[in-house]
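In: okay, here's the prediction I keep looking at, along with the sequence it came from:
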Amino acid sequence: MKVLVIGGAGYIGGHVTLELLEAGHEVTVYDNLSSGRRENVYAGGRFVEGDILDTEGLGATMDEGWDGVVHLAAFKAAGASMTAPEKYARNNITGTINILNAMCSAGIKRIVFSSTAAVYGETEYLPVDEKHPTRPENFYGFTKLEAERLLSWYGRLKGLRYTALRYFNAAGYDLRGRVSGLERNPANLLPVIMEVAAGMRESLTIFGNDYPTKDGSGVRDYVHVTDLASAHVAALERMARLDESLVVNLGSEAGLSVLEIVEAVRRITGKAIPAKVEGRRAGDPARLVASSALAAEKLGWKAVHSDVDTLVSSSWNVYKR
């Protein structure tokens, strides 16, 4: 297939592009490089610098004709979304509308959308499955849920077929080191710890050590980015076979605590990892774990690289450079 990966120079996008190329697809990356890195576009992939808010440039690229689109171009910091909602609305919602309109104008019928577990909000039960109520607690999650709703309407009105992949916590790097661009200003746990290990930060802040978990720290479902990337390939190939849309979780179905990850980083890197504990952050649940049964059923997908040692060692192989 001929695939346009929007936001393909980012951390996840670079891995998605690599997996698509490995699967034999023809790939073009469309990215404004605001957070992505040119070096994340793996050899064999074409690169077009462009912005999803530039409707003319986006439309011209769409008019080249594509068998499918992957949409990863979003701002994703939950905290920042609460202080700059206008920025997130413009990029994540208006930008998605621009993509969908350009696809319709060009007659493109398939899209894989990068969504998030943030659409669920406070959990009512675990593991979280796709039937769980969607009540986002931050504006970032709201923008992703609105994008999913737009996809549903365009599906009904324009015949668009989509797969929305609700990521849990993406982590790790390509096991062979072929994607090496570091995240800019990371907010997620593992890259922050990696920056401490590499001497880029002085210390790690742990928010809360009094949760009702085995060691008092919060537990999250971490899924290796290569596992995430393989789901995008499976989703595109499924839509090429079946004329239907899908919304699925992508998680490892296993929880790792903050302290478990810190100890694994200390063991694997040999670094001390200075850490200080502060109070819990508002809205942070004690434990968040996914059910990925639907992804297994519909996509034939499961997380195979998402154990803690692989997550940490593949990250350290990039950061220690």
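Out: Thanks, I have it.

In: let me see the ranges of the strands in the stretch 101-250 of the chain.
Out: Listed in chain order, the strands of the stretch 101-250 of the chain (DSSP state E, counting those that start in this stretch) span 110-116, 161-167, 169-171, 204-207, 219-224, 246-250.

In: dump the second one to PDB, restricted to CA.
Out: Put plainly, it is strand 161-167. Presented in PDB, the C-alpha positions along strand 161-167 are these (Å, rounded to 0.1, in the frame of the first residue of the first chain):
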ATOM      1  CA  ARG A 161     -13.200   3.700   7.300                       C
ATOM      2  CA  TYR A 162     -11.100   4.300  10.400                       C
ATOM      3  CA  THR A 163      -9.200   2.400  13.200                       C
ATOM      4  CA  ALA A 164      -8.800   4.400  16.400                       C
ATOM      5  CA  LEU A 165      -6.000   3.000  18.500                       C
ATOM      6  CA  ARG A 166      -6.200   4.000  22.100                       C
ATOM      7  CA  TYR A 167      -2.600   3.800  23.400                       C
END
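
In: got the domain boundaries for the chain?
Out: Here the domain parsing of the chain from automatic domain parsing is 2-171+224-250, 189-221+253-289+304-319.

In: closest one to Gly181 among those?
Out: Proximity to Gly181 (CB to CB) singles out domain 2-171+224-250 among those, at 3.4 Å. To be clear about C-beta, it is placed using only N, CA and C from the backbone, and glycine gets the same treatment.

In: the closest one: end-to-end distance?
Out: 24 Å (CA to CA, to the nearest Å).

In: just give me how far it sits from the chain centre.
Out: 9 Å (CA atoms, centre = their mean, to the nearest Å).

In: and it, what's its mean pLDDT?
Out: Throughout domain 2-171+224-250, pLDDT has a mean value of 96.

In: next: stretch 197-211.
Out: pLDDT averaged over stretch 197-211 gives 95.

In: on that earlier part again, take the strands of the stretch 101-250 of the chain and write them to CSV, including mean neighbour count and distance to Leu256.
Out: Output for those, formatted as CSV (neighbours: other CB atoms under 10 Å; distance: least, CB to CB, whole Å):
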stretch, mean neighbour count, distance to Leu256
strand 110-116, 25, 18
strand 161-167, 24, 15
strand 169-171, 24, 9
strand 204-207, 16, 14
strand 219-224, 25, 5
strand 246-250, 23, 16
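
In: now render these as TSV, adding distance to Lys302.
Out: Formatted as TSV, these follow (distance: least, CB to CB, whole Å):
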stretch	distance to Lys302
strand 110-116	18
strand 161-167	14
strand 169-171	16
strand 204-207	30
strand 219-224	10
strand 246-250	10
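
In: next, count neighbours for the nearest residue to Tyr211 once chain neighbours are set aside.
Out: Distance criterion CB to CB, 6 or more residues apart in numbering; nearest residue to Tyr211, sequence neighbours excluded, is Ala286 at 4.0 Å. Residue neighbour count, defined by other CB atoms under 10 Å, stands at 17 for Ala286.

In: likewise for Ala275?
Out: Quick note: Ala275 (other CB under 10 Å) scores 16 neighbours.

In: and what of Arg184?
Out: With other CB under 10 Å as criterion, Arg184 counts 11.

In: now Val179
Out: Val179: 25 neighbours (other CB under 10 Å).

In: again with Lys214
Out: By other CB under 10 Å, neighbour count at Lys214 equals 12.

In: quick one, phi/psi of the nearest residue in space to it that is not next to it in sequence?
Out: Nearest residue to Lys214, sequence neighbours excluded (CB to CB, 6+ apart): Ser257, at 6.8 Å. Dihedral pair for Ser257: phi -90, psi 160, per degrees, to the nearest 10.

In: mind listing the residues bridging to Ser257?
Out: Under DSSP bridges, the beta-bridge partners of Ser257 are Val219.

In: my read: it touches Pro212, true?
Out: No. At 11.8 Å, Ser257 does not count as touching Pro212 under the criterion of CB atoms under 8 Å.

In: list the contacts for Arg280?
Out: Arg280 makes contact with 207-208, 210-211, according to CB atoms under 8 Å, 6 or more residues apart in numbering.

In: closest one of the residues you listed to Ile52?
Out: Phe207 (32.4 Å).

In: contacting residues around that closest one?
Out: Residues near Phe207 by CB under 8 Å, 6+ apart: 218, 277-281, 284.

In: single out the most deeply packed of the domains of the chain.
Out: Highest mean neighbour count among these (mean count of other CB atoms under 10 Å): domain 2-171+224-250, with a mean of 20.

In: nearest to Lys298, of the domains of the chain?
Out: That would be domain 2-171+224-250 among the domains of the chain, by CB to CB, at 5.7 Å.
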